[in-house]
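>>> here is a sequence together with a model predicted from it:
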Amino acid sequence: MIELKQIEKNYRRGAEEVRALRGVDLSIAAGELLAIIGPSGAGKTTLLHILGCLDQPSKGDVLFDGVNTSNMPESELVQLRREKIGFVFQQFYLIPGLSVFDNIALPLLFSKKQASRSKILALAEMVGLEHRLDHAPAQLSGGEMQRAAIARGLVNDPEVLLADEPTGNLDSENSDKIYALLRSLSQNGLATVMITHNTELAARAQRTVQIRDGLVHP
Amino acid sequence: MSGYLKLAGKNLLRHRTRSVLTMLGIAASVGVLFSVLSFNKGFTEGLAVELERTGLHFMVVPSGCAHEVAALVLHGAVIPKFLDTKVMEHVTATAGIDMATPILVAQLPDQQRGKIDLIYGVDMSVLSAIKPGWEITGKIPDQDNEILLGYEVAQHEKLQPGDQFSTGGGANLLVSGIVGLTGSQDDAFVYLPIKTAQKLLDHPAAATAIGVKVTDPTRMVEITDALTAAVPGIQIVTMGEVMNSISNLAASARALSLAIVLIAILISAVGVMNSILMAVFERTQEIGMMRAVGASRWDIFRIILEETTILSLSGGLVGILISILGSRLIEAFVRSVMPFVPSGNLISFDPVVAAGSVLFIFIIGLCAGIYPALKASKINPVEAIKG
Ligand SMILES: Nc1ncnc2c1ncn2[C@@H]1O[C@H](COP(=O)(O)OP(=O)(O)OP(=O)(O)O)[C@@H](O)[C@H]1O
Ligand SMILES: [Mg+2]
């Protein structure tokens, strides 16, 4: 589904060149739950953003369903993000002024789709927030916020869900819940990529890759 | 309601105080803009009605002080020059003249009491036409020895209708009425029948000006031309010219206030820009998130622009509401600072002017929103999300 070929990513920091990724090959299939681990600064987030077409590699190709995204114009990349990719972040990034319902429905605004009550309700049930839809994000616990954010990531029916340390701000009980949720999503056919520092969670994943010094180690 | 508008509205509500203050800044400047525009319309209309009501078509004055005449009729001022006694005869003898009424404005020294009275002599039957805005306590004089006091004179001398008033001429005059406070120099005059005034000045045919009404206004140019040709040393000022010179005064006052209002609007637009820019910086991460979940640059641009639009439009509407509700206060203020102000409603509200003011602030709001919106749309999602 997503294939990375010899991905390199360089950043400039003053005169110095930072080589965040130095030739990454990786492929992700539908229904797979992939855990990415690695030390801080290894390039995990950089890799995830390239997978999600939010960032462009300095070198190498990203194939999405066999289509090379390297030379796509920004408008097509936006379209791709809307239709096929869901993002989840460590800090949740829920909008404080909107209800849980409106937060989950937010991506539909950008993909110009109607936010049907039944669809949002179904997603909320899946993440266990059906009674919280009218609440403000501030009224939720951390675990509930992340589950709302996952529902938001799913609202456009993506092919892949990309989560950057989704349990990084949660206690172990809530981390387990999030992990269980992601696993069940992947079992239903969603490609799921999760960056984590939690080795115990990573060990439970179907597949784990380690990033070190900008390279993938299986 | 569009999702974007809702999102923009909810964003503004996150900083209620800041949004309300910014909006009030806009409201204040739009309110003043609308008042100034409405004021001018009401003022000109009121002025035309008022000059119409004097029933006079033109005034004959000694040459060389045309502008003082505008002041004389409407605003009480002393002109140091009398018309030649022959002028009145000439005017009444001219064909096409329906009525001519002499007006005498002068200083009358009272050596005994060490004061100088300002007197305004006029045929009492035309007084109410020349000064239509007056509220008189008592009555307009109908006897030769009766007078009307301006508000300040009455206050200063502590006089009531029915009291005696003594002047330099030695005559004892009876106060028949007192003019209510006008806020203009009219307050400082003593009004009396022209005959009495001439007697007091010891100048039986004196007049500072002659107000003239013609039988056929369309023939006015002919009549005034004939008059100027026949009588040397006079000048003719038509009511149209009086109106113009007052209008010009009002127009320059308006131009000045408009300039100030525009500056105020610019300042409040900068306030909007600043407030939205702050909101954009505070929401950098959130904007990065929105880009990641499918927002294009344009989507972000639009959300921010709609926030400024909501602020400026609501500010505009509130401002117009305030200026309609506060129009009495504004009128009172204008009356206290402008030299001649027609009575009646000065501010005339016109939906077209209101719509124009709102449209104007809408455009200004859009302009103020462009920079923050552009800034927001250029936020790099990758860097924003990393925090
Ligand atoms: N915009 C940037 N400019 C310069 N260097 C950058 C930039 N973004 C990332 N880097 C560098 O690239 C490297 C990889 O960063 P990345 O954020 O991918 O690490 P990570 O594996 O996600 O780390 P962590 O576990 O701490 O989140 C780091 O050395 C980082 O300093
Ligand atoms: Mg990271």
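Nice, thanks for sending it over. Ligands and ions are numbered 1, 2, ... in the order given.
>>> name the helix or strand for the nearest residue to A:T69 once chain neighbours are set aside, please.
In space, and not counting its chain neighbours, A:T69 is closest to A:V62: 4.8 Å by C-beta to C-beta, 6 or more residues apart in numbering or on different chains. For glycine as for every other residue, the C-beta is placed from the backbone atoms N, C-alpha and C. Per DSSP states H and E, A:V62 falls inside strand A:59-64.
>>> A:A42 too?
A:A42 belongs to no helix or strand when assigned by DSSP H and E.
>>> okay, now the unreliable bits of the stretch 151-300 of chain B?
Residues of the stretch 151-300 of chain B that meet the criterion pLDDT under 70 lie in B:169-170, B:183-184.
>>> ok, which stretches of it are strands?
Using DSSP state E, counting those that start in this stretch, the strands found in the stretch 151-300 of chain B span residues B:164-166, B:172-179, B:189-193, B:209-214, B:234-238.
>>> ok and the residue in chain B nearest ligand 1?
In chain B, the residue that lies nearest ligand 1 is B:E383 (5.6 Å; C-beta to the nearest ligand atom).
>>> tell me the contacts of that residue?
The neighbours of B:E383, taking C-beta atoms under 8 Å, 6 or more residues apart in numbering or on different chains as the test, are B:G288.
>>> biggest helix in the chain by residues?
In the absence of a named chain, chain A is used. Longest helix in chain A by number of residues, with DSSP state H as the criterion: helix A:172-187.
>>> ah, no, chain B please
helix B:239-282.
>>> just checking, what packs against that helix?
helix B:16-53, strand B:58-62, helix B:66-75, helix B:297-325, helix B:351-377 (3 or more C-beta pairs under 8 Å, 6 or more residues apart in numbering or on different chains; DSSP states H and E).
>>> can you give me the neighbour number for residue 55?
All of this refers to chain A. 19 (other C-beta atoms under 10 Å in any protein chain shown).
>>> that was the other one, I meant chain B.
16.
>>> tell me the most buried of the strands of the stretch 151-300 of chain B?
Among the strands of the stretch 151-300 of chain B, strand B:189-193 has the highest mean neighbour count (mean count of other C-beta atoms under 10 Å in any protein chain shown), at a mean of 25.
>>> what does chain A put close to ligand 1?
Contact residues (C-beta under 6 Å from any ligand atom) of chain A with ligand 1: A:11, A:13, A:18, A:20, A:38, A:40-46.
>>> highest neighbour count among the residues you listed?
Neighbour-wise, the residues of chain A next to ligand 1 (other C-beta under 10 Å) top out at A:G43, 25 neighbours.
>>> that residue against A:L21, yeah?
Yes. The criterion here is C-beta atoms under 8 Å, and A:G43 meets it with A:L21 at 4.9 Å.
>>> residues of chain A that sit close to chain B?
A:45, A:49, A:52, A:54-55, A:74-75, A:78, A:81-82, A:86-87, A:89, A:91, A:93, A:95-98, A:102, A:106-111, A:115, A:152-153, A:156 (C-beta under 8 Å from any C-beta of the partner chain).
>>> and these, which are buried?
With burial judged by 16 or more other C-beta atoms under 10 Å in any protein chain shown, the buried subset of the residues of chain A next to chain B is A:45, A:49, A:52, A:54-55, A:78, A:81-82, A:86-87, A:89, A:91, A:93, A:95, A:97-98, A:102, A:106-111, A:115, A:152-153, A:156.
>>> strands - which of those land there?
Within those, residues falling in strands by DSSP state E are A:86-87.
>>> restricted to helices, list the buried ones among the residues of chain A next to chain B.
Within these, membership in helices is found for A:45, A:49, A:78, A:81-82, A:102, A:106-110, A:152-153, as judged by DSSP H.
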